[in-house]
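*Asks:* here is a sequence with its predicted model. Questions after.
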Amino acid sequence: MKSGHGEVLIAEGDPAVREDEERLVEEFRRQLDEGMWAAVPTNVSGGRREASMIHQYSDIPDDADRVIFFPRASGG
Amino acid sequence: MVPGLIVIAIVAAALCLPTLVRVWSDWRVGRARRRAATPSAERNSLADPGRERRAEQRARELLRSCVNAEEWDMYRDLGFIRVHGGLSAPDCAPSDYAYLIYAHKPIIAFVPSTGELLSEYCVEFPDLTGAISQSRLPDSDDVLAKWMALTGDERRLIADANLHLPGRQVDPARARRDIWRLAEWERQRDRNDSNQATL
């Protein structure tokens, strides 16, 4: 998510392909270095949905099809 | 007579010319300074009145793809999302309290069983990159960011937010009315579900 723009595709690739994964890891780190938070929406029991906060690349669930970066929260 | 007027006009034009040149030059310099002070990306975005509408449309699609069907319908119909709290004490059920998530407004904590308002959590998601300092997240992205932060790490979001008593930014009467609207909406939804089940 980007202020004024909404959803912006940052990077995409197949994590099983080494070059793609390196690029995804690099972009993941860059986003976190810029102060963004990362999350993956997941299914939980009872049809509920929730987000899993991702703190490092290895936290991303294997079945995740995307990681959403959004600005870090601060007191308004 | 006519030659005299022509001479007067030429003299007047000659006298005004330096002033006109100076005004023209000042205007060009000012325009160049204004353009230099405005990044090209922002200039382009300001020139596109449909940008915000398209951003909001994308944000709605993203929100829809992240939350469940009930939460999406709630947002579409009521303009906010209710998220149950998960920070309850060990002897409390997880849904003893809940939050109302509005776009670009504080998160309201309340007790679903009584409708009692507990507090306002003022939180925002500023653009830290500073690329577009004058803009903010589209409404649906702001709701999604709150939803992800609340469901993903409620403690951290609450710790980062500014806590206030109810009524600081959101009119308590409005919040109570929204809680009532939510209850009515859920009743109607349950009725529709049971009607469909009997068909």
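*Replies:* Now that the structure is in, tell me what you want to look at. Numbering: from 1, shown residues only, chains lettered A, B, ... in the order given.
*Asks:* find the residue at the geometric middle of chain A.
*Replies:* For chain A, the residue nearest the mean C-alpha position is residue A:67 (2.5 Å; C-alpha atoms, centre = their mean).
*Asks:* quick one: contacts for that residue?
*Replies:* Contacts were defined as C-beta atoms under 8 Å, 6 or more residues apart in numbering or on different chains; by that measure residue A:67 touches A:28, A:38-40, A:54, A:60. Heads up, the C-betas are built off the backbone N, CA and C, glycines and all.
*Asks:* and it, how far is that from chain B?
*Replies:* For residue A:67, the distance to chain B (C-beta to the nearest C-beta, to the nearest Å) stands at 11 Å.
*Asks:* so how far is residue B:168 from that residue?
*Replies:* Here residue A:67 is placed at a distance of 34 Å from residue B:168 (C-beta to C-beta, to the nearest Å).
*Asks:* pull the contacting residues for the residue nearest the centre of chain B.
*Replies:* With distances taken as C-alpha atoms, centre = their mean, the residue of chain B nearest its centroid is residue B:139 (3.7 Å). With contact set as C-beta under 8 Å, 6+ apart, residue B:139 has these partners: B:56, B:59, B:103-104.
*Asks:* cutoff 6 Å now
*Replies:* residue B:103 (C-beta atoms under 6 Å, 6 or more residues apart in numbering or on different chains).
*Asks:* find me the pLDDT at it, would you?
*Replies:* At residue B:139, the model reports a pLDDT of 94.
*Asks:* can you list the residues of chain B near chain A?
*Replies:* With the criterion set to C-beta under 6 Å from any C-beta of the partner chain, chain B comes near chain A through B:55, B:58-59, B:62, B:66-68, B:122-129, B:132, B:135-138, B:141, B:145, B:148-149, B:151-153, B:157, B:160-162.
*Asks:* from the contacts of residue A:67, which is closest to chain B?
*Replies:* Taking C-beta to the nearest C-beta as the measure, residue A:39 is the one of those closest to chain B, at 4.3 Å.
*Asks:* and what about residue A:64, helix, strand or coil?
*Replies:* Of the three states, residue A:64 takes coil according to DSSP: H, G, I helix; E, B strand; the rest coil.
*Asks:* gap between it and chain B?
*Replies:* Taken as C-beta to the nearest C-beta, the spacing of residue A:64 relative to chain B amounts to 12 Å.
*Asks:* tally of neighbours for that residue?
*Replies:* 14 (other C-beta atoms under 10 Å in any protein chain shown).
*Asks:* cool, residue A:14 as well?
*Replies:* Neighbour count of residue A:14, defined by other C-beta under 10 Å: 10.
*Asks:* quick check: the gap between it and chain B.
*Replies:* Counting by C-beta to the nearest C-beta, the separation of residue A:14 from chain B is 20 Å.
*Asks:* so the closest residue to that residue other than its chain neighbours is in which element?
*Replies:* If the residues on either side of it in the chain are set aside, residue A:14 comes closest to residue A:20, at 4.9 Å by C-beta to C-beta, 6 or more residues apart in numbering or on different chains. Counting by DSSP states H and E, the element that carries residue A:20 is helix A:18-33.
*Asks:* ok, and what's touching that helix?
*Replies:* Applying C-beta under 6 Å, 6+ apart, the set of residues contacting helix A:18-33 from outside is A:10-11, A:13-15, A:57, A:69.
*Asks:* backbone torsions only: list them for residue A:7.
*Replies:* phi -70, psi 130 (degrees, to the nearest 10).
*Asks:* mind checking what secondary structure the residue of chain A found nearest chain B has?
*Replies:* Scanning chain A for the residue nearest chain B gives residue A:4, at 3.0 Å (criterion: C-beta to the nearest C-beta). Local secondary structure at residue A:4 is given as coil here, using three-state DSSP.
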